[in-house]
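Engineer: Just the structure for this:
(chains A and B)
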Amino acid sequence: GAGVSQTPSNKVTEKGKYVELRCDPISGHTALYWYRQSLGQGPEFLIYFQGTGAADDSGLPNDRFFAVRPEGSVSTLKIQRTERGDSAVYLCASSPGWGTGEAFFGQGTRLTVV
Amino acid sequence: DAKTTQPPSMDCAEGRAANLPCNHSTISGNEYVYWYRQIHSQGPQYIIHGLKNNETNEMASLIITEDRKSSTLILPHATLRDTAVYYCIVDSSYKLIFGSGTRLLVRP
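Structural biologist: Residues are numbered from 1 along each chain as shown, chains lettered A, B, ... in the order given. From the prediction side, this is the model:
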């Protein structure tokens, strides 16, 4: 299918390690979002890209988190010096453009920091 | 961002209508009402959205009160596959802010 694809689907890493999570949005979608979801909670906004630029990164919890989208399609969420509290499902979504209403979400990457 | 209030859980019988309420008393004039749902272990799925008028699509109907301070999502004939967490969101821009949602259980 042509939905939002996230890889890996599961990632287990040791505390202190660096991880990268990848998101392939729907082709042609200019807007891309990252969310984080902890057990029993709703998704928490992290960052929003419009094209290549991060239009709003106000949800990134601290400077260990960084995201890029160099060519305006694939995005990578990077987490340095992982902590056990970073364990969550990381969700990516894309939409055709600004404020178009319907965002398409991927299945998420479950990150476990041990 | 305007905040929404939803009951934490509801249930309904299979085949009956499920009516999920949402209060958004501080909504401003340019904010839309969105509904998403999340089935266990999947990403959220868009259902419907509206500004002032009632909306209907193949999945559901959205009824927005005249003062826009509340809305109801209606699943006309709920099935077991509609068991999910339903999120009501108000937004005027790009950023969907999710609350805790309503956990809907459809009973056989």
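Engineer: Near residue 90, how many other residues are there?
Structural biologist: I went with chain A, as the question did not name one. 23 (other Cβ atoms under 10 Å in any protein chain shown). For every residue, glycine as well, the C-beta is placed using N, CA and C.
Engineer: To clarify, I was referring to chain B.
Structural biologist: Using other Cβ under 10 Å, B:Val90 has 22 other residues around it.
Engineer: would it count as being in a strand?
Structural biologist: Yes. When DSSP: H, G, I helix; E, B strand; the rest coil is applied, B:Val90 is found to be in a strand.
Engineer: Only alpha carbons, please: show the helix or strand of chain A with the lowest mean pLDDT as CSV.
Structural biologist: In chain A, no helix or strand scores lower on mean pLDDT, DSSP states H and E than strand A:53-56, which sits at a mean of 91. Below are the C-alpha coordinates for strand A:53-56, written out as CSV (Å, rounded to 0.1, in the frame of the first residue of the first chain):
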residue,chain,number,x,y,z
GLY,A,53,12.0,22.8,7.3
ALA,A,54,10.9,22.2,10.9
ALA,A,55,8.0,24.6,11.2
ASP,A,56,7.3,23.8,14.8
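Engineer: List the beta-bridge partners for A:Thr109.
Structural biologist: A:Tyr90 (DSSP bridges).
Engineer: could you list every residue that touches it?
Structural biologist: By Cβ atoms under 8 Å, 6 or more residues apart in numbering or on different chains, the residues touching A:Thr109 are A:6-11, A:21, A:89-90.
Engineer: Lovely, talk soon.
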